[in-house]
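> Here is a sequence together with a model predicted from it:
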Amino acid sequence: MLALDISGLEMRFPGLDTSVLSIPRLHVPAGTQLAVTGASGSGKSTLVNAITGLETTTSGSVSWGDTDIVRLSAGKRDAFRAAHIGLVMQDFHLFPGLSAFENVVLPVRLSRRLTPAERQRALHLLETTGIARPDQPIETLSRGEMQRVAVARALLSKPGVIVADEPTASLDRRTGTEVAELIVRLARQDGATLVVVTHDPVLMERLDRRIALEGGRIVEDSAEARAA
Amino acid sequence: MIRFILADLNRFKAGALAVVVLIALSVALSVTVTLQERAVRLGSARAAEKFDLLIGAAGSETQLALSAVFLQPSPLPLISGTILAKLSDDPRVAFAAPVGFGDSADGHPVVGTTTRLIAALSPALAEGAVFAHLGDAVIGADVAKRVGAEIKPMHGAADEGGHTHTEIVYKVTGRMAPTGTAWDRAILVPIQAVWQLHGMTAHEHHDHAGEAAETVAANEHDHDHEPHVEAEAGIDEHFDAETPGIPAILVKPKTIADAYRLRQEYRGETTLAVFPAEVLTRLYATLGDARSLLLAIAIGTQVIVIAAVLLVTVMHVGARQRQIGALRAFGAPRRAVVAIVWGELFLLFLLGLALGVLLGYAAAQLISATLTARTAIRMPVEFARQDLSLALWFVVLAVLVSVVPALSTLRLSPARALRS
């Protein structure tokens, strides 16, 4: 479980005068479940990329716990992400030709040997997420099942943070709700900090706090609203 | 990792297959050129092994060697029979055997010679016995006839519009063991029968013995007085001043020193003495040049293929940015991504190499088999130690070439890769 601290964060793209993301300060206490909303182009995805270290920031700092990931080298940042941040994406990004189980353990297997404990956890997670046959080829699963496998993959390394980028946007309402429930439940179970980019009001309802972005700036924060 | 690479290759089956086939074909080309050149060289060298020294009338050394060793039909000037007689009595000579060609039967060369040469080629016959009468014949291992079969010789070859000799029908009395030389396709008959058939009998046709400038094949000999061959007559392998002319004499010297002395002695105005091995060495030099050229072309195609493969993979990496970005995003270290792209390409190179070596080997075998069927010369298709270093070079090159697209993935930012 890790707290997020952002200060003076600026993200610019070459050739653009205005920054696509500008967050002077944001503190998310450890274990919080945060919803990020905003229209497309509001900077949601850029925020996700910045806090997961997928993209280098122009200036400012992004700290998870005591680690400022902006100051890490690319390799170290990758390693930090692998160890502490579980990612769930809108398009699943599963790899065809591999089974559900193999997809869950792929990132670990590509960096080192899978431990028996991780093997057990992977099977347990697949069971928890409702995948009956771990050896089923991934391309034969339904979209809802695919996202469940992706959730299992995100949780394998017991990350302190789970970042989900529109996890239900490409699913129908019912499966979307189920998957959303699953993410919230499992994050709470593991005590992980959860950041979800979403438009889904049902999902937003379940989360502790909500921030809204517009033009790369935070225009609404439910925590501040409550404090005020 | 391996599992992922295989699953990934399986996804791009058609493209991977095309790359492997492309590499395999270019490798096969070099392998075939190398193996075939070696096969021809080894095969002909082994075929010439039993022919120490050839003596013929003045003319082309190469033609003399090719005609006597490989039984390649060609009109050769005749050498006087007295020389054969002189060589037979020479103390430095183990044996001297006449080689009289020009006739054929069913596409096989009919060669007039003596029992000494048969004994030298095939110390023990595979079946039957050597000839004892003028009408007897001994066949090479590859002649598809049975002992006891009849052979009607033809002057020249059928496709040259030759005519059949009606004066004699040879009867097969024996078959030689396989020698791996052109002589496996030959039909060996007593040299006297050949002389008599062509009206060159020592005692009746003195005039013919002097026609050194003419050739047996082109010899329009006199048919007005019918030559007569007594098939039942015994053979006489004693040669003297009366002996008619012959295209070539095979000499087996007693020692190496004798061989050089004899060659020196018979290199003159009217006679020619050659070591077939030496003539072949000269031919190999030409063959080597041809091989260098072919190999250069083969390597050129390999360079083109490698360039094409590089282009394909660089484009492929571009098309796979999303996948590579996702791998990085979910925590695969960069070295794993590099290893995957590199491993996939290297695997294709190795597969192409293996397939190419097999293909090239098969092609060389096929070509050798075709050549052997035509010439009876065994052409051994075999790998040599230096091929290993060639293969090693290819592997090193494959490692280097496949590293280029792999390293290009390092520059990809995972977020940008995911967006594209």
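Yep, it's here. Numbers count the residues shown, from 1 in each chain, chains lettered A, B, ... in the order given.
> quick one: contacts for the residue nearest to residue B:312 when sequence neighbours are not counted?
Among residues not flanking residue B:312 along the chain, residue B:19 sits closest, at 6.4 Å (C-beta to C-beta, 6 or more residues apart in numbering or on different chains). Placement of C-beta: from N, CA and C, glycine included. Each residue near residue B:19 by C-beta atoms under 8 Å, 6 or more residues apart in numbering or on different chains is listed here: B:309, B:312, B:348, B:352.
> What of residue B:100?
Residue B:100 neighbours (C-beta under 8 Å, 6+ apart): B:111-113, B:191, B:194-195, B:216, B:246-247.
> Surely residue B:353 is in contact with residue B:391?
Yes - between residue B:353 and residue B:391 there is a contact under C-beta atoms under 8 Å: 6.9 Å.
> Could you pull up the residues touching the nearest residue to residue A:81 once chain neighbours are set aside?
Closest residue to residue A:81 apart from its sequence neighbours, by C-beta to C-beta, 6+ apart: residue A:53 at 5.4 Å. If a contact means C-beta under 8 Å, 6+ apart, then residue A:53 has A:62, A:69, A:72, A:77-78, A:80-81, A:85 as its contacts.
> can you tell me which of the residues you listed are in strands?
Judged by DSSP state E, the subset of the contacts of residue A:53 located in strands is A:62, A:85.
> Mind checking which of the contacts of residue A:53 land in helices?
A:77-78, A:80-81 (DSSP state H).
> pLDDT below threshold where in the stretch 301-420 of chain B?
B:420 (pLDDT under 70).
> need the residues of it near chain A, please.
Residues of the stretch 301-420 of chain B found near chain A (C-beta under 8 Å from any C-beta of the partner chain) are B:322-323, B:326-334, B:336-337, B:340, B:413-416, B:418-419.
> again, but for chain B
Residues of chain B found near chain A (C-beta under 8 Å from any C-beta) are B:1, B:3-4, B:6-8, B:10-11, B:322-323, B:326-334, B:336-337, B:340, B:413-416, B:418-419.
> Recalculate using a threshold of 10 Å.
Counting by C-beta under 10 Å from any C-beta of the partner chain, chain B comes close to chain A at B:1, B:3-4, B:6-11, B:322-323, B:325-337, B:339-340, B:410, B:413-419.
> among the contacts of residue A:53, which two are most distant?
Across those, the longest distance by C-beta to C-beta is 15.0 Å; it joins A:62 and A:78.
> pLDDT value on the closest residue to residue A:188 other than its chain neighbours, please?
In this structure, residue A:188 finds its nearest non-sequential neighbour in residue A:33, 7.4 Å apart by C-beta to C-beta, 6+ apart. Residue A:33 carries a pLDDT value of 94.
> Residue B:134 too?
85.
> Leaving out chain neighbours, which residue sits closest to it?
Counting by C-beta to C-beta, 6+ apart, the residue nearest residue B:134 is residue B:193, at 4.4 Å.
> Surely that neighbour and residue B:114 touch.
No - contact between residue B:193 and residue B:114 fails when scored by C-beta atoms under 10 Å: they sit 11.5 Å apart.
> now the longest helix along chain A: mean pLDDT?
Secondary structure of chain A per DSSP H: the longest helix is helix A:173-190. Average pLDDT, helix A:173-190: 91.
> so how far is that helix from its chain's centroid?
13 Å (C-alpha atoms, centre = their mean, to the nearest Å).
> Let me know how buried residue B:191 is, in neighbour terms.
27 (other C-beta atoms under 10 Å in any protein chain shown).
> thinking it is in contact with residue B:110, fair?
No - using C-beta under 10 Å, residue B:191 is not in contact with residue B:110, being 11.2 Å away.
> State which one residue of the stretch 301-420 of chain B is found closest to chain A.
At 2.9 Å from chain A, residue B:331 is the closest residue in the stretch 301-420 of chain B, using C-beta to the nearest C-beta.
> I'd say that residue and residue A:105 touch.
No - assessed by C-beta under 10 Å, residue B:331 is found out of contact with residue A:105, at 11.1 Å.
> tell me the average confidence for the lengthiest strand in chain B?
Identified as the longest strand of chain B according to DSSP E is strand B:93-105. The pLDDT scores in strand B:93-105 average 86.
> tell me the strands in chain A, going along the chain?
All strands of chain A, identified by DSSP E, fall at A:4-11, A:21-28, A:33-37, A:59-64, A:67-68, A:85-88, A:161-165, A:193-197, A:209-214, A:217-221.
> could these go into JSON lines alongside mean neighbour count?
What follows is these, written out as JSON lines (neighbours: other C-beta atoms under 10 Å in any protein chain shown):
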{"stretch": "strand A:4-11", "mean neighbour count": "18"}
{"stretch": "strand A:21-28", "mean neighbour count": "18"}
{"stretch": "strand A:33-37", "mean neighbour count": "22"}
{"stretch": "strand A:59-64", "mean neighbour count": "18"}
{"stretch": "strand A:67-68", "mean neighbour count": "15"}
{"stretch": "strand A:85-88", "mean neighbour count": "26"}
{"stretch": "strand A:161-165", "mean neighbour count": "25"}
{"stretch": "strand A:193-197", "mean neighbour count": "25"}
{"stretch": "strand A:209-214", "mean neighbour count": "19"}
{"stretch": "strand A:217-221", "mean neighbour count": "15"}
